[in-house]
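**Q** pasted the sequence and its predicted model underneath.
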Amino acid sequence: MRPEHWLYTIPLRLRSLFRWAQADQEVDDELRDHLERKTEEYVAQGMTQEEAHRRARLDLGGVEQTKEKCRDARRVNWIQDFIQDLRFGLRMLRKSPGSFVVAFVILALAIGANTAIFSLLDGVVLRDLPVPHPDQLVRFGAHVPGDDYAALSLPMFQELSRGQRVFSGTFAWWGDGVFNAEMDGRLAQADVWCADNNFYPELGAVPEIGRLFNADEENLSAAAPAQVAVLSYGFWERHYGGSRDVIGKTLKIEGIPFTIVGVTRKGFTGISADFELEVTLPLPATQLLEDEPDLQKYLRRPSARWLQAAGRLKPGATLEQARAQLDALWPAIRQEMAPTDNAIAELGRFRELQLRVESGAKGESLLRGRFAKPLYIVLAISGLVLLLACVNLASLMLARAASRNHEFGVRVALGASRARLARQMMTESVALSVAGSVAGCLLAYWASRGLAGLIAGEIFSIPAAPNLSPDWRIAGFTASATILTGVLFGLAPAWRATREDGNAALQQSGRTLGHGTGALGKGLIVTQLALSVVSLACGGLFIRSLEKLRTVDPGFHTRNLLAVGLFAKPNAYKNLSLVDYYHTVTERVSHLPGVLSAGMVRTGIGNILENIERVRISGSDTEGLEADFEMGTPEFFETAGITLLRGRNFSWQDDEHAPRVAIVSQNLAEKLFPGGKALGQRLDVMNARNWRNLQIIGVVTNASLYDIRKQKPPTVYLPSTQYVDFMESPSMLVRTELPPAAIAGALREAVESLGREYISSIQTVRQSIDRSILQERITAMLSAFFGALALLLAAMGLYGLMACAMTQRTREIGIRMALGAERGRVLKMILRETLVLVGAGVGIGLPCALVATRLLGHMLYGLSPNDAVTLACVVGALVAVGVLAGYLPARRAMKVDPMVALRYE
Amino acid sequence: MSRPSDLVQGTLDMLLLKFLALEPMNGFAVSQRLKQVSGDVLQVSDGSLYPALHKLEQEGWITAEWKTSEYGRRAKYYSLTRLGRRQLEKEADNWGRLSSAISRVIKLKEA
């Protein structure tokens, strides 16, 4: 019934709206016709023409009233009223553009900032993958409970896929790894993925040009992998300039040639939420990248977990059903795939493997884990500032409404209903809010992209960005923020308008004794001050926390220390003694002018990548103790600034043939062997490689190698010279007093002249650390911005109120001064008034801030949420603002000549 | 919108729909017919009639077109739409139930 109903009525409504003149004309005609007929009838009954006409009109009960009722029946009056209100509002704007511009700027800033933060939150946290029906995607993999890494072997994946009935299809991939890519003779790094036959179809990928992989190329029982590659749109644009003749060209990955068969569409990111899959190869090609001799043997390894897997739910199936079904299949598969060698099975904790089944709708994201919480917090703070802006604008509008008393009085006297006046105010505020939000959206577009670029640029080495294109969520957020803002800051003046007394307003001369800054105005100011206390406290805490984090001593040098990434050229390590090679590199680099020392390290320090292993005393049967884990060459400790306390350092003679040794941090030594008896003892590193009976040859000072937020965890160091397969592509630490730029050339020359490796990055360790605390930096930066904005708004509000009050009280001040009041006393009086307001704001805001900051406790470093220094600074800032906001208008008021002020009335 | 006070809410709509169900007519004819049929019992002023007709038109129950009448005079003629016919059936049905219920109550014998 309803839709059909609308079909009839909508055209009628539209006609009434857009052709109202014609509709009105028709009512006129209709009623005139009626009157004529009625008159004729009365004449026929014997009345005179005039009498008949009069009766006919009487019957109709007033032609104009009836017309108005007919218009009401058309039910579009409110739209016409709205347009009228809007026009009127625009006329008012032309009359006093200043306050409108201020309001517009505040709105644009507040709504824009909120939209920007929300867009980021949407792109990083809330948004689903840009593939068809992302909600149907389910990821599954086997993991040791407590370990994040979940993956499957190919046989496991195939068994699970065969047994399940909940998915319409399953797919698997391997990735991603950064490899050397050679294109038309140019060398670059590429992010490489290997995908199975179902990967593209299940993700709904379509080629931009060329084609995707066919079943032949994805044949998992082939003797050798097909050497073909698909590029991402961005990679194609960057490296081939988007040229269509790329199809058929050869791309070398680690020196292995692949023929390019196609390019995926722009925006296709597969299962990643952050970046495109730069180069995709068929799944069997992993054999070539991993340099394994036999494809079938490689693929059939039952217990090697190297694949990521996902499925697409059949319509109607749920995640819970998928989980239940896969979990039911799992024990038998785990049993079947378990390594026959019990020792190996135990090492990989194979029997503990559990399936992890979770929604894949949002895709993989490095950013989500790190930035979800900071973004929610910042959004809350920016929401607070938006609220503050509303209150601020409410007081601005109230002041304007006060100056419009006269107008309202006239309108009430002419018969305008109070509701109509309130609506006028609401229309104006919502229209202003809409205008502000349009500008705000432009601002948000620019700001959110800038922020996303800043974040992604520091975290990723390949071009990446969260998807920030506007969606229904962003549109909904902005629209509701806009409307809510308009209504909120229109409420106060609208409420005032409904209380307007027409008589009183008309009797006033329109300029004296405004009462716009009464209790309501003061209440609004106190609210603003209180809100600004809360946002300032949050911003202050985050800044102080960041400051502490920046100055924390991680236990190694952060100045004059460079981390240099070494990356092997294709096939560089073939027939090479890595120990000798890195010995040579170290020697060469440490003899460069300006270099104090140089050493190799496997992962690099001050980085977000963490290596954690369990260690225990050899021979004991314990669970082991978690410890940070690193490998280095002998010069590592000296270069990093980690001091040897007891025993000896690693030496180049500690090679694969020498007895296995280890160096531990002081706190690990104390934990395992209390009483300083660690030297000479033996420990096990309980990882898959089974490193047992390592003799402790030295004890070094404590350090937070990876996460500087951790308070120097126990750490174990092994000599990389004893684990040659861990030596490849290390990070080189270089201690130098020269700036990075001054030494980069010499470093490159020293490394690349050996012809094996090239330098992929040169960074100071300070930069790495800064990168690892990016979320704290972003949080502090944004919350500081919002805190400052809040303070500025509150200051403007307070100043506006005081300035307005001063203008109205010019006469009073004039009289006081004429009667002999000293300037100082008048000033004191005014300052007292301001400070009372500030005091009230702080009095209300401080308890609120204490409650709010308690929620931030877990995000602060080395700082209590009710940090006295921060709170004192906040109060100090507000008092300063109060003094300034009181002093400036007061000084102006006092400059007025008493005689002039008195005559003014 | 004001309504004649002694008409049960919604009844005027039903009456108008019923008239227009019989034949399309203009506003004046509707007012004549109202008077003829109900005598002086249902007093609907002309001032209430037209807004009511316009409301029905907006609801999509009746539709209007300008026609030239028998005496060569242009007038707005209203006629029932399909939606209006359904509405009339519904309202007549309701009315039947309501009035029979009320008359049953009224006819209760006092003990």
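**A** Structure received.

**Q** contacts, neighbours, all on C-alpha from now
**A** OK.

**Q** list the buried residues in the helix-or-strand element of chain B with minimal mean pLDDT.
**A** None of the helices or strands of chain B scores lower by mean pLDDT, DSSP states H and E than helix B:27-38, at a mean of 82. Buried residues in helix B:27-38, counted by 16 or more other Cα atoms under 10 Å in any protein chain shown: B:27-28, B:30-31, B:34-35.

**Q** same check, this time on stretch A:292-302
**A** A:295-296, A:298-299, A:302.

**Q** thinking again about what came up before, next structured bit after the least confident helix or strand of chain B?
**A** Per DSSP states H and E, helix B:27-38 leads on to helix B:46-59 as the next helix or strand towards the C-terminus.

**Q** next one, pLDDT for the closest residue to chain B within the stretch 351-500 of chain A please.
**A** Going by Cα to the nearest Cα, chain B is nearest to A:S417 of the stretch 351-500 of chain A, at 16.8 Å. On pLDDT, A:S417 comes in at 72.

**Q** which ones are touching the closest residue to chain B within the stretch 651-800 of chain A?
**A** Nearest residue of the stretch 651-800 of chain A to chain B: A:G797, at 45.1 Å (Cα to the nearest Cα). Counting by Cα atoms under 8 Å, 6 or more residues apart in numbering or on different chains, A:G797 makes contact with A:392, A:395-396, A:525, A:528.

**Q** what's the most distant pair in the residues you listed?
**A** By the measure Cα to Cα, A:L396 and A:Q528 form the most distant pair in the contacts of A:G797, at 12.2 Å.

**Q** the more surrounded of those two?
**A** The neighbour comparison of A:L396 against A:Q528 (other Cα atoms under 10 Å in any protein chain shown) goes to A:Q528, with 29 against 25.

**Q** please identify the helix or strand for A:G169.
**A** Per DSSP H and E: strand A:167-183 holds A:G169.

**Q** A:D122 against A:P466, yeah?
**A** No. Contact criterion Cα atoms under 8 Å: A:D122 and A:P466 do not qualify, at 9.0 Å.

**Q** from the chain's centroid, how far away is the longest helix along chain B?
**A** The longest helix of chain B (DSSP state H) is helix B:82-106. The chain centroid and the centroid of helix B:82-106 are separated by 13 Å under Cα atoms, centre = their mean, to the nearest Å.

**Q** same check on stretch A:782-797?
**A** On Cα atoms, centre = their mean, the centre of stretch A:782-797 falls 21 Å from the chain's centre.

**Q** dump that stretch to CSV, restricted to CA.
**A** Taking Å, rounded to 0.1, in the frame of the first residue of the first chain, the C-alpha atoms of stretch A:782-797 are listed here in CSV:
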residue,chain,number,x,y,z
LEU,A,782,46.5,15.4,17.3
SER,A,783,45.4,15.7,20.9
ALA,A,784,47.7,18.8,21.3
PHE,A,785,46.1,20.3,18.2
PHE,A,786,42.6,19.7,19.6
GLY,A,787,43.7,20.9,23.1
ALA,A,788,44.9,24.1,21.6
LEU,A,789,41.8,24.5,19.5
ALA,A,790,39.7,24.0,22.6
LEU,A,791,41.7,26.6,24.5
LEU,A,792,41.4,29.1,21.6
LEU,A,793,37.6,28.6,21.4
ALA,A,794,37.2,29.0,25.1
ALA,A,795,39.3,32.1,25.1
MET,A,796,37.3,33.5,22.2
GLY,A,797,34.1,32.8,24.0
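
**Q** next, the buried residues of that stretch.
**A** Buried, per 16+ other Cα under 10 Å, within stretch A:782-797: A:782-791, A:793-797.
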